[in-house]
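no sequence on this one, just coordinates:
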C-alpha cells in the first residue's frame, strides 16, 4: 500500500526536490518502525486498532527544537493506520498519499 501511495506522488517528485527515503537506520526491507536507531524526524507508520476515525498523520515536520507535544509511547512523527478492513481497500493508497502530504513541510 505504501508503494502505491508513493506512486501518487510521482508527478511532484519528478518536478521538485521532494523525496521519500527510508531512514538511514534501515539496513533491510521492509524497514519496520521497531528498527533500533530510527531518527526522531522519521515518519513512522504504525497499525492502530483503536476505534475512532480513520488514518491521521501528525501534522507536518517539526525540527527537534520545536515541541510537538509527544504522546506517551508514540514517536515524534507518526501515521497511525487503522487495522479495520475498510482502510485496506482500493482507496487505501490514495488515503495514505493524502496523509503523507499532511506530514510534508
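Structure received. Quick caveat, the model's predicted, so the values are computed rather than measured. Numbering: from 1, shown residues only.

from now on I want contacts and neighbour counts done on CA atoms only, so please keep to that.
OK.

distance of residue 33 from residue 8?
Relative to residue 8, residue 33 is positioned 23 Å away (CA to CA, to the nearest Å).

residue 18 too?
13 Å.

of those two, who's got more company?
residue 8 (15 against 11; other CA atoms under 10 Å).

need the nearest residue in space to that one, chain neighbours excluded.
residue 97 (6.5 Å; CA to CA, 6 or more residues apart in numbering).

need the three-state assignment for the one you found.
helix (DSSP: H, G, I helix; E, B strand; the rest coil).

and it, how many residues sit next to it?
Other residues close to residue 97 by other CA under 10 Å number 19.

can you check residue 77 too?
Neighbours of residue 77 (other CA under 10 Å): 21.

what is it paired to in the beta sheet?
Beta-bridge pairing of residue 77 under DSSP bridges involves residue 43.
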